[in-house]
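Enquirer: sequence first, predicted coordinates after that:
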Amino acid sequence: MAVERSPRADTGPRQDKGDAPSARPPRRPLSWAWVGVAPFFLFAILFLFLPSFSIFLRSFESLDHTFTFQNILDIFQKSDIRNAYKLSLQVSAVTAIGGAFFGFLLAYAVCMGGMPKSARSFLLTFSGVASNFAGVPLAFAFVATMGNAGLVTRIIENLTGFDIHAGGFTIYNFWGLSIVYMYFQFPLMVLIMAPALDGLRREWREACENLGGTTFHYWRYVALPILMPTLLGTSILLFGNAFGAYATAYAFTGSFLNLVPIVIGAQIQGDVLYNPGLGNAMALGMIVIMSLSMLIYMWSQRRAARWVR
Amino acid sequence: MRRFPIWSWVWFLIGLSYFFIPLISTFEFSLRMIKGRYTLEAYRVAFQDPRFYQSFGYSLLWAVVTIIISLLLVVPTAYWVQLKLPKARPYVEFITLMPFVVPAVVLTFGLVRLYGRPPLILTTTPAALIVGYVVLSLPYMYRSVDSGLRAVDIRTLTEAAQSLGAGWGTILKDVIFPNLRVALLSGIFLTFAIVMGEFTFAALMGWPAFGPYIEEIGAMRAYTPQAVSVMSFLITWGSIMLIQWVGRGARGQQVQLGGAR
């Protein structure tokens, strides 16, 4: 997902002075070479940009097909929709921060914490699997773990005689869902942080020590500033990751939790909001939030690329 | 001698617990169908359901079609951009990142509303579903192919083939594809894992698939859904293992990051 360029890949027209003429793009303003990528762009226009644009247009359409800002205003004014956004933002923020923190500690432990090499490759392999293990099966895995008859629930009951579900406690709420989301959040952090930590050069630490710096100084003034764009960017990525998730939440809580994707999903199957324009406006709100997080991520990647080479 | 890295081990073990406890619990849960004993009864019941094979078969079909279309769309484009049109790279990369900006549920919403009415109706055929899956696969497919193309000097190889008189067909078939084998397989396996477990598109567009099937039996039965979840996990696990196995010792960065669903 990172948009970095490796130095080897610079195949810009400047570098190939000695190349065969056929391999050089003609210097006309709009060259025929664009025809080669036309199918790809056509696909993107038809199935990515047109649907997004139609969502944008219809967000401003009232029930009697006239132009209106009311749908956009409703997002902020109607309490159930505002709450859906609030809940989605909270789940995303909590699991992004939690996942980033825990993932960073794990990556640090296996990259720089003096662990054997095998621990590192094991963790990275498993993070690859876990970050892809999402959706319905993940939800059922956690039902089997901490649901009413789940393994952890029964072990706690056997050990302490205490049924965690007794006092009206349920896992099908905000915190339960956050625990489930964490399963694909922190492995993603591990996968992105590990290469970044490997990019910290030994010389930087030595330079810091030669200047009389302590470990604290090293982290405060050298390592953290270098890692900050990656840390921030990946946290934002995790945020978007949780914000757009639908299947996991749907299978885990049904429609108990009113997350934005759940409401949009219900709106697809039947006009539950009794206003098609409002459904479009909710979808537009999601695109806006995801775009913002993507922009911050890309910006931070550019910053990070200055150091991690 | 260094001190024993106790905190590293503590975090590592917590991480492993987070990974494994849900998996162990799911497996244990799936064995408990008959009271008081551990049996494979839930698996037997799962395998008896004809709809299990049906939905699995449909998902296989969607996966194969998605992979073919995604390859046809991404490989020539990435190759062309690398070779002739570096100017287009930022635009192509931007498009391949779009699935992170337009989540599956929003894309479904847009596709169903736009192509569910004239002039172009796609929702009555699986076309809209496949389109959604292809969009979903774009980031992974493109990143795999692109990093594969960067790892070998594609320009020199192409020119060498051209100077020996090869046509474009021969260049693609005998020069480019063999060099991209690892990258293509990574993209293929990852797309396969994603489509096999996908729920959002299939459920909301109303097409049979493995993901909605698991969700559906989850609402009806206990134990069998967990048994099927274990199988679904094994598919994901197997795909990632295959990616790492084909990519061992290969140059270029491997792509194995999925997104949330």
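Expert: Received, thanks. Numbers count the residues shown, from 1 in each chain, chains lettered A, B, ... in the order given.
Enquirer: what about the longest helix in the chain?
Expert: Since no chain was named, I'll use chain A. helix A:79-112 (DSSP state H).
Enquirer: right idea, wrong chain: chain B
Expert: Chain B, longest helix under DSSP H: helix B:50-83.
Enquirer: pLDDT of that one, averaged?
Expert: The average pLDDT within helix B:50-83 is 94.
Enquirer: same question for stretch A:34-41.
Expert: Here the average pLDDT along stretch A:34-41 is 90.
Enquirer: now stretch A:78-90
Expert: 93.
Enquirer: which residues are in contact with that stretch?
Expert: A:74-76, A:174, A:243, A:257-263, A:278, A:282, A:285, A:289 (C-beta atoms under 8 Å, 6 or more residues apart in numbering or on different chains). Any C-beta I mention is one placed from the backbone N, CA and C, and that applies to glycine too.
Enquirer: which among the residues you listed end up buried?
Expert: A:74-75, A:243, A:257-263, A:278, A:282, A:285, A:289 (16 or more other C-beta atoms under 10 Å in any protein chain shown).
Enquirer: ok, so of those residues, who is nearest B:E216?
Expert: A:I262 (17.3 Å; C-beta to C-beta).
Enquirer: what's the helix or strand for the closest one?
Expert: Taking DSSP states H and E as the definition, A:I262 sits inside helix A:260-269.
Enquirer: any stretches of chain A with poor pLDDT?
Expert: A:1-30, A:167-168, A:307-309 (pLDDT under 70).
Enquirer: show me the contacts for the residue in the stretch 151-300 of chain A that chain B sits nearest to.
Expert: At 3.0 Å from chain B, A:G244 is the closest residue in the stretch 151-300 of chain A, using C-beta to the nearest C-beta. A:G244 makes contact with A:P261, A:M286, A:M290, B:F100, B:P103, B:A104, B:V105, B:V106, B:G259, B:A260 under the criterion C-beta under 8 Å, 6+ apart.
Enquirer: please apply the same query to B:G132.
Expert: Neighbours of B:G132 in contact, by C-beta under 8 Å, 6+ apart: A:F47, B:A104, B:L107, B:T108, B:L111, B:F201, B:M205.
Enquirer: report the separation between it and A:N241.
Expert: Using C-beta to C-beta, to the nearest Å, B:G132 is found at 18 Å from A:N241.
Enquirer: and A:A266, by the same measure?
Expert: 22 Å.
Enquirer: what number of residues lie near residue 40?
Expert: As the question left the chain open, I've gone with chain A. Neighbourhood size, A:F40 [other C-beta atoms under 10 Å in any protein chain shown]: 24.
Enquirer: to clarify, I was referring to chain B.
Expert: Neighbour tally, B:L40, other C-beta under 10 Å: 14.
Enquirer: once you drop chain neighbours, what's closest to it?
Expert: Distances taken as C-beta to C-beta, 6 or more residues apart in numbering or on different chains put B:L31 closest to B:L40, at 7.0 Å, once the chain neighbours are dropped.
Enquirer: contacts only, for the one you found.
Expert: So B:L31 contacts B:Y38, B:T39, B:L40, B:A42 (C-beta under 8 Å, 6+ apart).
Enquirer: which among those residues gets closest to chain A?
Expert: Closest to chain A, out of all of the contacts of B:L31 and judged by C-beta to the nearest C-beta, is B:A42, at 11.2 Å.
Enquirer: quick one: what helix or strand has that closest one in it?
Expert: B:A42 belongs to helix B:41-48, assigned by DSSP H and E.
Enquirer: which residues in the chain form helices?
Expert: I'll assume chain A. Under DSSP H, chain A gives helices at A:38-44, A:50-58, A:70-77, A:79-112, A:117-132, A:136-146, A:151-160, A:174-198, A:202-210, A:215-217, A:224-243, A:247-253, A:260-269, A:276-305.
Enquirer: chain B is the one I meant
Expert: Under DSSP H, chain B gives helices at B:6-30, B:41-48, B:50-83, B:89-101, B:104-115, B:127-151, B:154-163, B:168-170, B:177-197, B:200-205, B:210-220, B:224-246.
Enquirer: mean pLDDT for the ones you listed: which is lowest?
Expert: helix B:168-170 (a mean of 85).
Enquirer: may I see the buried residues of that helix?
Expert: Applying 16+ other C-beta under 10 Å to helix B:168-170 flags no residue as buried.
Enquirer: now what about it, what contacts it?
Expert: Counting by C-beta under 8 Å, 6+ apart, B:A161 sit against helix B:168-170.
Enquirer: quick one: that helix to chain centroid distance?
Expert: Chain-centre distance of helix B:168-170: 29 Å, with C-alpha atoms, centre = their mean, to the nearest Å.
Enquirer: could you do stretch A:200-218 as well?
Expert: For stretch A:200-218, the distance to the chain centre is 33 Å (C-alpha atoms, centre = their mean).
Enquirer: what about it, start to end distance?
Expert: 11 Å (C-alpha to C-alpha, to the nearest Å).
Enquirer: close to chain B, is it?
Expert: No: residues of stretch A:200-218 are not located near chain B by C-beta under 8 Å from any C-beta of the partner chain, the shortest gap being 13.7 Å.
Enquirer: quick one: buried residues of that stretch?
Expert: Those would be A:L200, A:R205, A:C208, A:G213, A:Y218, for stretch A:200-218 by 16+ other C-beta under 10 Å.
Enquirer: farthest pair within those?
Expert: A:L200 and A:G213 (14.4 Å).
Enquirer: what's the angle from the helix holding A:I262 to helix A:70-77?
Expert: Calculated by axes from the mean of the first three to the mean of the last three C-alpha atoms, to 10 degrees, helix A:260-269 forms an angle of 140 degrees with helix A:70-77.
Enquirer: could you tell me the angle between helix A:260-269 and helix A:276-305?
Expert: 140 degrees.
Enquirer: what sits up against helix A:260-269?
Expert: Against helix A:260-269 from outside (C-beta under 8 Å, 6+ apart): A:81, A:84-85, A:88, A:243-246, A:249-250, A:255, A:272-273, A:279, A:282-283, A:285-286, B:103, B:105-106, B:108-109, B:112, B:200, B:204.
Enquirer: quick check: closest non-adjacent residue to A:I171.
Expert: Closest to A:I171 by C-beta to C-beta, 6+ apart is A:M146, at 5.2 Å.
Enquirer: quick one: the one you found and A:V152 touch, right?
Expert: Yes: look at A:M146 against A:V152 with C-beta atoms under 8 Å: they come within range, at 5.1 Å.
Enquirer: of the two, who's got more company?
Expert: A:M146 (20 against 17).
Enquirer: need the contact list for that one.
Expert: A:V152, A:T153, A:I164, A:I171, A:G176, A:I179.
Enquirer: what about it, distance to A:H217?
Expert: Taking C-beta to C-beta, one finds A:M146 at 43 Å from A:H217.
Enquirer: coming back round to it: and A:A266 and A:N241? which has more neighbours close in?
Expert: A:N241 (28 against 17).
Enquirer: please report the distance of that one from B:P103.
Expert: From A:N241 to B:P103 the distance is 10 Å (C-beta to C-beta).
Enquirer: excluding its backbone neighbours, what's nearest the most centrally placed residue in chain B?
Expert: With distances taken as C-alpha atoms, centre = their mean, B:T191 lies nearest the centre of chain B, 2.5 Å away. Nearest residue to B:T191 in three dimensions, chain neighbours excluded: B:S137, at 4.2 Å (C-beta to C-beta, 6+ apart).
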